[in-house]
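Q: Requesting a structural model of the entry that follows:
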Amino acid sequence: MASCDFDTSSENSADFILRYSRRSIENLRESTGDRCIDFINNDFAIIHVPLEQIINLSIAAHSYSAIPKLYGLLDTTAVEESGISAAQHRPVLNADGHGVLLGIIDTGIDYTSPLFIRADGQSRILELWDQTLPTDQATFTQEAITAALRAEDPYGLVPSQDTNGHGTFMAGIAAGSRLETPVSFVGAAPETLLGIVKLRPAKPYLRDFFLIRSGAEAYQENDIMTAIRYLIHLADQHQLPLVIYLGVGTAQGSHDGTSPLGLQLSSYNGYPGLAIVTGAGNETGWQHHYFATLAANQPYEDVELLVGEDETGFCAELWATMPELFTVGFVSPSGEVISRISLALGQEAVIPFRLEATRITINYVNYEAGAGTQLIFLRFASPTPGIWHIRVYPSQEMGGSFHIWLPMHGFLSEQTTFLRPEPDTTITDPGNVMTTVTAACYDHVNGRIDIHSSRGFTRLGQVKPDIAAPGVNVQGPLLPLKNSTGSEADLRFGRLTGTSVSAALTAGAMADLFSWAIVDGNAPTLSGTAAAAMLIRGASRSSAHAYPDRSWGYGTLDLYQAFRQSGE
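A: Below you'll find the predicted structure:
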């Protein structure tokens, strides 16, 4: 953790993600005084700077990869359908998550819920890190949480609460204890230990920079990266296999797994006893993705973008396919034409309109550091409602293809859409990282894929999602009422839909696999990559689809079949 002479969690602190080498460490320390560097791993560090020193946050001045991207929540009788119940009831398998740490990075947890307490009153939470609390008061051990549970005022001792409810719901789906009253309920891995990270909301300066819609839940890439590092350290400290569940995603980035967070996750490829599970996202049907291929003699592509009446602003990202470089121009809803903006490497162009209040900022990043391909970053401030034309011109006149992504659903007006959208290649990051297990969402009652479950493949054509799991109207725990006594009788349940639900179920199944393989000694060196292969081989497949499928991946989750395929 960084030790700075100012509060890095404050809204008056700016954060940057830096990829460094051994050669650059000394220069890095000289420029920061070695006081505000937080090393994530051997590749990345987080630099904290007083916000007052940042005169104008921009891609031209600070680089695209250095500015943390913003992630949102992936939402809007599943254990039986996914073969988890059958595996749990096979004594020879003993697949219930015992001896495994399930790390959940989300909105926190209601640690007072009976779903996360053992019969002897001990908390199942091995440790909880609440990023919203002051650094020296933010981490709570199992002993401290158990002591709080026995106190008259638990929150006086452990003042961490899930005020959103998303994290509690997902923890219940993934790892809730078995209950018979007030309803019959059990999570996918009811005997796991839990490592909980409550993410801190994104700072206002980043929300303003990316023009995130007011009220939308948003979290910073660097905070997710530090949460992953924390959970890996916790698992190492206690010598436990670890499954990390990520209930957040973003439509920003290259969609090929090369963001700083994606590269961090990729560095864990093949680690024994470490798996990372995330949702595919819920972007299909919202018309936020555009794709085109230009012929060699085509002068430009006219991209029609409808901006909603209630739209306050948004960012869009154009990612090109090598080797073509593109430039852009615009036609506003009133007919004002902005000619082709010249390709100026590393510079920023701000376009004010004579007839509109709109200001568009353009950054051409011809060789984005992670993906190596061209990025055109477009920032629409106070956009005039109506149909905009983004004219995309090939610079080398040999044709080529490009994608444009708008922000994820919830980050902008629902009325702001492409008029000719492309439903494929809508997996949210980090679901495009090849070392993650990426879960799509389907309705286990009618057997249909959810209408909003994001479709693959990645921008480079790699197969994602991996599998589909139940995620439509799935039952899970809600936050308690204010006058709750904390007893089982006061538990409330509701239903949610989304790929964060299907990912939570898949994370629990992965923990069950690790129990059987590593804890019980059947495959002591099983890695997350190998465990993912087990789930893929064991997936149920329908003759109606050719696999791998852009919506279903390699089929639907069937944990019991995965054990059978392994020779159990």
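Q: in this protein, which spans are helices?
A: Read by DSSP state H, the chain holds these helices, from start to end of the chain: 22-32, 59-62, 78-81, 84-88, 142-149, 154-157, 166-175, 204-210, 221-238, 260-266, 499-514, 528-538, 559-565.
Q: Looking at the first one now, give me its mean pLDDT.
A: Per-residue confidence for helix 22-32 averages out to 57 on the pLDDT scale.
Q: Same check on the last one?
A: For helix 559-565, the per-residue pLDDT values average out at 86.
Q: With the second one instead?
A: Over the span of helix 59-62, the pLDDT mean works out to 89.
Q: helices and strands of the protein: which one bottoms out on pLDDT?
A: Within the chain, no helix or strand scores below helix 78-81, which has a mean of 49 by mean pLDDT, DSSP states H and E.
Q: what are the bridge partners for G400, then?
A: With DSSP bridges applied, G400 shows beta-bridge pairing to L294.
Q: how much space between it and H166?
A: Distance, G400 to H166, by CB to CB, to the nearest Å: 40 Å. Placement of C-beta: from N, CA and C, glycine included.
Q: do the same with S58
A: 32 Å.
Q: Which one of those two is surrounded by more residues?
A: H166 (22 against 17; other CB atoms under 10 Å).
Q: between the helices of the chain, which gets the lowest average pLDDT?
A: Ranked by mean pLDDT, these end with helix 78-81 in last place, scoring a mean of 49.
Q: Could you find the closest non-adjacent residue to I125?
A: Excluding its sequence neighbours, the residue lying closest to I125 (CB to CB, 6 or more residues apart in numbering) is L194, at 4.7 Å.
Q: which residues does the one you found bridge with?
A: Listed by DSSP bridges, the beta-bridge partners for L194 are L102, I125.
Q: For H255, give its distance to I427.
A: In this structure, H255 lies at 7 Å from I427, with CB to CB as the measure.
Q: list the residues that contact both of the two?
A: T458 (CB atoms under 8 Å, 6 or more residues apart in numbering).
Q: count of residues packed around the residue nearest to I125?
A: Around L194 there are 23 residues (other CB under 10 Å).
Q: A45: what's it in contact with?
A: For A45, the contacting residues are I17, L18, Y20, L28, I37, D38, F39, taking CB under 8 Å, 6+ apart as the criterion.
Q: Those residues into CSV, with extra columns for distance to T499 and neighbour count?
A: Supplementary listing: the contacts of A45 in CSV, determined by distance: CB to CB, whole Å; neighbours: other CB atoms under 10 Å:
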residue, distance to T499, neighbour count
I17, 25, 23
L18, 31, 19
Y20, 33, 16
L28, 37, 16
I37, 35, 20
D38, 30, 19
F39, 32, 16
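Q: from the residues you listed, which single one is nearest S123?
A: Nearest to S123 among the contacts of A45 is D38, at 28.3 Å by CB to CB.
Q: Can you check the pLDDT for that closest one?
A: With respect to pLDDT, D38 has a value of 90.
Q: swap in the one 3 residues further on?
A: Per-residue pLDDT puts N41 at 90.
Q: any idea how far it is from L231?
A: In this structure, N41 lies at 13 Å from L231, with CB to CB as the measure.
Q: quick one on the thing from earlier: of all the helices of the chain, which one is nearest I451?
A: Between I451 and these, the shortest separation by CB to CB is 12.1 Å, and it involves helix 499-514.
Q: Between helix 528-538 and that closest one, find me the angle.
A: Between the axes of helix 499-514 and helix 528-538, defined by axes from the mean of the first three to the mean of the last three CA atoms, to 10 degrees, the angle is 100 degrees.
Q: buried stuff in helix 499-514?
A: 499-514 (16 or more other CB atoms under 10 Å).
Q: picking up where we left off before, of H255 and I427, give the one with the bigger neighbour count.
A: Higher neighbour count among H255 and I427: I427, with 33 against 28, using other CB under 10 Å.
Q: ok, now which ones touch the nearest residue to R420 once chain neighbours are set aside?
A: The spatially closest residue to R420, leaving aside those adjacent along the chain, is E304, at 6.5 Å (CB to CB, 6+ apart). For E304, the set of contacting residues under the criterion of CB under 8 Å, 6+ apart consists of I387, W388, H389, F418, L419, R420.
Q: Are any of those buried, and if so which?
A: Burial by neighbour count, 16+ other CB under 10 Å: within the contacts of E304 this picks out W388, H389, F418.
Q: isn't G528 right next to I244, touching?
A: No: here G528 lies out of contact with I244, judged by CB atoms under 8 Å, at a distance of 9.0 Å.
Q: Find residues that contact each of the two.
A: In the contact map built from CB under 8 Å, 6+ apart, the residues linked to both G528 and I244 are L274, A275, I276.
Q: Closest one to F210 out of these, please.
A: I276 (24.8 Å).
Q: How much space separates the closest one from P190?
A: Going from I276 to P190 by CB to CB gives 21 Å.
Q: If you count surrounding residues, which of these two has more?
A: When neighbours are counted by other CB under 10 Å, I276 and P190 differ, and I276 comes out ahead with 27 against 23.
Q: quick one: contacts for that one?
A: Under the criterion of CB under 8 Å, 6+ apart, the contact list for I276 reads I228, V243, I244, L246, L265, Y268, P430, V433, T435, T436, V437, G528.
Q: I'd guessed R564 sits against M534; true?
A: No: contact between R564 and M534 fails when scored by CB under 8 Å: they sit 10.4 Å apart.
Q: quick one: P333 from I362, how far?
A: For P333, the distance to I362 under the criterion CB to CB works out to 19 Å.
Q: Give me the more crowded residue out of those two.
A: Under the criterion of other CB under 10 Å, the comparison of P333 against I362 puts I362 first, with 22 against 17.
Q: which residues touch the residue nearest to that one when sequence neighbours are not counted?
A: Residue nearest to I362 in three dimensions, not counting chain neighbours: A349, with 4.5 Å by CB to CB, 6+ apart. A349 is in contact with I341, T361, I362, N363, counting by CB under 8 Å, 6+ apart.
Q: Surely the first one and I351 touch.
A: Yes: if you go by CB under 8 Å, I341 and I351 touch, sitting 7.4 Å apart.
Q: Could you name every residue contacting both of these two?
A: With CB under 8 Å, 6+ apart applied, the overlap between the contact sets of I341 and I351 consists of I362.
Q: Looking at those two, which one has more neighbours?
A: Between I341 and I351, I341 has the larger neighbour count (other CB under 10 Å), namely 18 against 14.
Q: pLDDT score for that one?
A: The model's pLDDT for I341 equals 91.
Q: Make 145 the first number, not 1, from now on.
A: Sounds good: first residue 145 from here, last item I485.
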